[in-house]
Structure formats: C-alpha cells, structure tokens
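**Q** The following comprises the amino acid sequence and a computationally predicted model.
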Amino acid sequence: MNASIHPTAIVHPGARLGANVRVGPYSIIGEQVEIGDDTLVGPHVVISGHTRIGRENRIYQFSSLGEAPQDKKYAGEPTRLEIGDNNTIREFCTFNIGTVQDQGVTRIGNDNWIMAYVHIAHDCQVGDHAIFANNAQLAGHVRIDDWAILGGYTGVHQFCRIGAHVMTAVGTVILQDVPPYLMAAGNTASPYGINVEGLKRRGFSADAIMALKRAYRVLYKSGLMLDEARQKLAEMAETAPDVQRFVDFLALSKRGIIR
C-alpha cells in the first residue's frame, strides 16, 4: 500500500490505505476505514466506523472522524461517513457517521476548508468549496450547499439547510433555512442582503449580481407572501438564470426561511 505509518500509530490490518498516505504518531485507524492516495493524517487522530476518505486530504491532530452519532436512537447500525478529496480538516474536529433514520451517511464533498473545533453531526450533507470557521457547529441532518461560508461559532439547528454562496457572521444562530447568496447574522439569524463580495470573487458578473439584488428585494422587501414571492422569482429567472437557485431552494425548504 506504500503508506508511511509512524511506529506509534495503530492501523487495523483491515483498513485500506492508498499510495503515499501518511499517518502520524499515536493516531488510530479502524478496521472499516478507507483512505485515498496522498492523504495526510496528523498525530493523535482517531478515524473509526465505516469511513471513506478521498485523496489529498489534510487531517490535523486530535480530530475524531467516523465515531458513533450523538443520537440516543443509534443502536450500532453500520452507517457511514464519506469525505471527498482535497479537504483541510484542522485540529479537534468531530464528524460522526449517519443514522438509519436518514440516509445512513454523513457526507462531506471536495475542496472544503474546515477550521478547528468544528462539529459535523450525523446525516449532515456538506457540498464543495465550503469554509467553516472555528467552532462552527452543525446539528444532525443539516445540509450545507457549495461555496457557503460559516463564521466562527455559527450554530445550525437540525434539519436546516444553508444555500450556496451564503455567508454567516460570527456567532450566528440558525433555526431556519438560509436561501442562497445571502449574508446572515444574529441570534436568531436575520438576512442582511446579498453576499456581493463573495459573488464578485467567484466571477459573478455585475448584471448577475444586480439581478440577485432585485430578487432579494422581492423576497424580503416587497411585502409579498412567500408563495407570491416565489412566483415572482420564477418569472425573473426566465431572463436571469442565477435567480432560479432561489426558486429551487424555496420549493424544497421544509423549516421555512429566515425573514
């Protein structure tokens, strides 16, 4: 397998490690763990459960990945944790496996930057290119879409969804869904306009950003009921394709949106 394993690390013979995987001192790798090529596992990391980790990830010391969910209903079922490629997972992070009450898998995509002390609970679904600042905390069954940025100490209630390109301020408490493109802050979270700077950095044109600002005004400033606003947004999306993400998000929202 051509992995480099420190003599003090404990790697179960059944674990599958790809080429050039490095495992640091005192780390523990369980029997059902699979780790892709060129991934670095730092010292004092515990990776357990049915956990599959992709290529070129960097996992820093004292993280716990794939442990049983913090759910009293969990009875040892063989649920999973899946982590994609090229993620940075900093110190003291905890990611749990899923539960049979949901899809049975906690999933984290590619190219995410996850800072220290982040908790990702059972059955969460995290997309690609997200950034979680220190101490961001996800309860169970949370969905985080691509390019979202969670400020430090952001807490997300179970079953909530945060849309693509959202940015939350430090200490934000999220109890309902956050539509795409928004900035959100507060306890509990309130909307604070479109994440203009983030969209500019990701190559959105001035016209696209202007259309999203108009969509925001329809959703939050027009006084329309939510169904009426969604219908208006659907009309706008015919000439402004980025607005369609608003329409699709609202159609699937189950907890209601922050207002």
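**A** All right, it came through fine.
**Q** switch to C-alpha atoms for all contacts and neighbour counts from now on
**A** OK.
**Q** May I see the buried residues of stretch 190-197?
**A** 190-192, 194-196 (16 or more other Cα atoms under 10 Å).
**Q** what are the ranges of the helices in the protein?
**A** Along the chain, counting by DSSP state H, helices occupy 196-201, 206-220, 226-237, 244-252.
**Q** export the buried residues of stretch 190-197 to CSV and tack on pLDDT and distance to D177?
**A** What follows is the buried residues of stretch 190-197, written out as CSV (pLDDT from 0 to 100; distance: Cα to Cα, whole Å):
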residue, pLDDT, distance to D177
S190, 98, 11
P191, 98, 11
Y192, 98, 14
I194, 98, 15
N195, 98, 16
V196, 98, 20
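**Q** from those residues, which ones fall inside strands?
**A** 190-192, 194 (DSSP state E).
**Q** Between those residues, which sits nearest Y220?
**A** Nearest to Y220 among these: P191, at 8.4 Å, using Cα to Cα.
**Q** Just to check, that closest one is in contact with Y181?
**A** No: counting by Cα atoms under 8 Å, P191 sits too far from Y181 to count as a contact (10.3 Å).
**Q** quick one: average pLDDT of stretch 200-217?
**A** The predicted model assigns stretch 200-217 a mean pLDDT of 98.
**Q** got the buried residues for that stretch?
**A** The neighbour-count check on stretch 200-217 (16+ other Cα under 10 Å) flags 208-209, 211-216 as buried.
**Q** C-alpha coordinates for that stretch, PDB please?
**A** In PDB, the C-alpha atoms belonging to stretch 200-217 read as follows (Å, rounded to 0.1, in the frame of the first residue of the first chain):
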ATOM      1  CA  LYS A 200     -17.600  39.000  -7.200                       C
ATOM      2  CA  ARG A 201     -14.700  36.800  -6.100                       C
ATOM      3  CA  ARG A 202     -16.400  33.800  -7.700                       C
ATOM      4  CA  GLY A 203     -16.800  35.500 -11.100                       C
ATOM      5  CA  PHE A 204     -20.400  36.600 -11.000                       C
ATOM      6  CA  SER A 205     -21.000  39.500 -13.400                       C
ATOM      7  CA  ALA A 206     -22.300  42.900 -12.400                       C
ATOM      8  CA  ASP A 207     -25.500  42.100 -14.200                       C
ATOM      9  CA  ALA A 208     -25.900  38.800 -12.400                       C
ATOM     10  CA  ILE A 209     -25.300  40.400  -9.000                       C
ATOM     11  CA  MET A 210     -27.800  43.200  -9.800                       C
ATOM     12  CA  ALA A 211     -30.400  40.600 -10.700                       C
ATOM     13  CA  LEU A 212     -29.800  38.800  -7.400                       C
ATOM     14  CA  LYS A 213     -30.200  42.100  -5.500                       C
ATOM     15  CA  ARG A 214     -33.600  42.600  -7.200                       C
ATOM     16  CA  ALA A 215     -34.500  39.000  -6.300                       C
ATOM     17  CA  TYR A 216     -33.600  39.700  -2.700                       C
ATOM     18  CA  ARG A 217     -35.900  42.800  -2.700                       C
END
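**Q** Would you confirm that T79 contacts H50?
**A** Yes: T79 is within contact range of H50, at 6.6 Å (criterion: Cα under 8 Å).
**Q** Find residues that contact each of these two.
**A** Here T79 and H50 have I97 as joint contacts, going by Cα atoms under 8 Å, 6 or more residues apart in numbering.
**Q** rewinding a little: as CSV, the helices of the chain with distance to Q158 would be great.
**A** Output for these, formatted as CSV (distance: least, Cα to Cα, whole Å):
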stretch, distance to Q158
helix 196-201, 26
helix 206-220, 24
helix 226-237, 22
helix 244-252, 16
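**Q** what about the ones you listed, which gets the closest to V41?
**A** Of all the helices of the chain, helix 196-201 sits nearest to V41, with 30.9 Å by Cα to Cα.
**Q** wait, E67 sits on S48?
**A** Yes: the criterion here is Cα under 8 Å, and E67 meets it with S48 at 5.7 Å.
**Q** between these two, who's got more neighbours?
**A** More neighbours surround S48 than the other of E67 and S48, with 24 against 20 (other Cα atoms under 10 Å).
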